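> What would the 3D arrangement of this be:
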Amino acid sequence: MFRKVLILTAIVLVFSASGVQADVTHSTWVGGPFSEWGNANNWNPSIVPDNAGGNTFNVTINAGTGEVSIGLQHWRTIDQLDSYGNVELATWISNNLELTLEDPNGLTNHGELEVTGWDLDITGNITNQGGARFDSHAHSLDINGLITNSANATIAVYWSTWVFGDVQNAGTIIVPWGAGILGVHGDLLNTGLIQMFGGVCGSINLFDNDANGVIIGFGTLFSEEMIQNKGKIHAYGGSLAVSIEGALINNGILGNSPLSSLHIKPAVDVNNNGTIEVNAGGGVAFDCNLVNEPNGVIQLLGGTLAATTITQTANANFTSFGSITGNVIIEPDGIIKLTGPTNIVGDVTIEHNAVMEISDGQTLITGQTTNNGIIHVVNGNVIFQGGYSGSGVVQKD
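You can find the predicted model right below:
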């Protein structure tokens, strides 16, 4: 008897719960090109989409071949939003507004979606589909959720945009100018392209530039945890500063285009397991010690490589010519090959069985040279401006 009562009670509870479940309204924008969200006549059916009224809403905004600008003047909560065509969401008042999307699908942009106006919080996940473009022109935009920028999609950030979640970029992210800030409180995973034009882009947690990821331009990159580079980070058009409160792990390419500079400031020393390209008219600078690990590559192509101390390990590759600012240590069985005019502003230490090869130009060492290995000079010259010592040899061919 007791078991039957429990079963009947459960059935009653199930039917009671289903009886109070809110209906889902599929709401479509039918308003004019410049209208307010809160006008029921702008929607089909003629109800303002807002879950606060008891029902829940799946909203579709389709601008067709024209343009639609929708003004927000109140906080709104819906299940999900699909945007097609050229659509603008604009805050019409200076007070902070919030658009909440309760369904995990959140906001999906299929066209060209632009957020403008004053302060807006979007709570929910955002997906920018392939071929779509999402522009953040709002004075301040906070996004509480996951952002997925699909392949061939574009996100452009013109003012302050903070994401309280992760960002996964397989398309293009553009940070156009000095006021543009894309800050991510979660992880930022880049498998696409990030173009910097003077703005700021980074994450509080991990900033992962994957093997297919490219970050190029000028401005500032940051992470409060770690930047892991397996792709390419390249200064272009000016100075690209990389500020890290943790470590930089490089298994990809770090470099600069001519007349540009890459300036890296991590909290700890950098161990290079990838490639560092230093082109003429600019350079790559580390505000720390740099260790070129086995199989690591440094290509000095007429520019300036700067670090507190540069350590060349055995089986690492260091070639070409230019300027080196910082102390240089070549560990046992390590080799540095300088082909062409080179200036080293710092001390040079060549350890036992280590080699410095100098050819086809003059190498000037302004600091103390301590040679316990071999300096091999072919069709060139070396000047020990800061003094010379050690038990090694200088071979001239």
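> How many neighbouring residues does G66 have?
Burial measure for G66: 9 neighbouring residues, criterion other CB atoms under 10 Å. (Each C-beta comes from the backbone N, C-alpha and C, glycine too.)
> Is it in contact with N86, as I believe?
Yes - G66 lies in contact with N86 (CB atoms under 8 Å); the separation is 7.2 Å.
> Now do D208 against Q385, distance only.
Separation of D208 from Q385 (CB to CB, to the nearest Å) stands at 44 Å.
> Which one's more surrounded, these two?
Between D208 and Q385, counting by other CB under 10 Å, D208 is the more crowded of the two (21 against 14).
> Tell me what the more buried one is bridged to.
L189, Q228 (DSSP bridges).
> Tell me if I'm right that it and Q228 touch.
Yes - counting by CB under 8 Å, D208 touches Q228, with 4.8 Å between them.
> by contact count, what packs against the helix or strand hosting T108?
For T108, the host element (DSSP states H and E) is strand 107-109. Here strand 107-109 touches strand 80-91, strand 126-128, going by 3 or more CB pairs under 8 Å, 6 or more residues apart in numbering; DSSP states H and E.
> Now distance to M356 and mean pLDDT too, for these, in a markdown table please.
Formatted as a markdown table, those follow (distance: least, CB to CB, whole Å; pLDDT from 0 to 100):
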| stretch | distance to M356 | mean pLDDT |
| --- | --- | --- |
| strand 80-91 | 61 | 98 |
| strand 126-128 | 51 | 98 |
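> For those, please prepare CSV with the additional fields mean neighbour count.
Converted to CSV, those look like this (neighbours: other CB atoms under 10 Å):
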stretch, mean neighbour count
strand 80-91, 21
strand 126-128, 23
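> Quick check: beta-bridge partners of I350?
Note on I350: beta-bridge partners by DSSP bridges are I330, N371.
> so who does it touch?
Applying CB atoms under 8 Å, 6 or more residues apart in numbering, we find I350 in contact with 330, 356, 369-375, 390, 392.
> out of the residues you listed, who's nearest T220?
I330 (33.5 Å; CB to CB).
> Now do the closest one against Q312, distance only.
In terms of CB to CB, I330 sits 5 Å off from Q312.
> same question, G380
Between G380 and Q312 the computed distance is 19 Å (CB to CB).
> and the two? which has more neighbours close in?
Under the neighbour definition other CB under 10 Å, G380 and Q312 were set side by side, and Q312 has more, 26 against 20.
> Any idea what that one is bridged to?
With DSSP bridges as the criterion, Q312 is bridged to N292, I330.
> again, but for the one 5 residues further on
Beta-bridge pairing of N317, defined through DSSP bridges, involves V297.
> Hmm, V297 and it touching each other?
Yes - at 4.5 Å, N317 counts as touching V297 under the criterion of CB under 8 Å.
> Run through the stretch 101-250 of the chain and note the low-pLDDT ranges.
Across the stretch 101-250 of the chain, nothing is flagged by pLDDT under 70.
> which helices and strands does the host helix or strand of N327 pack with?
Element membership of N327, judged by DSSP H and E, is strand 317-330. The contact analysis (3+ CB pairs under 8 Å, 6+ apart) places strand 317-330 against strand 283-286, strand 290-292, strand 297-312, strand 335-339, strand 342-345, strand 348-350.
> Just send those back as TSV, with mean pLDDT and distance to S140 too.
Output for the helices and strands packed on strand 317-330, formatted as TSV (pLDDT from 0 to 100; distance: least, CB to CB, whole Å):
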stretch	mean pLDDT	distance to S140
strand 283-286	98	33
strand 290-292	98	38
strand 297-312	98	37
strand 335-339	97	50
strand 342-345	98	45
strand 348-350	98	51
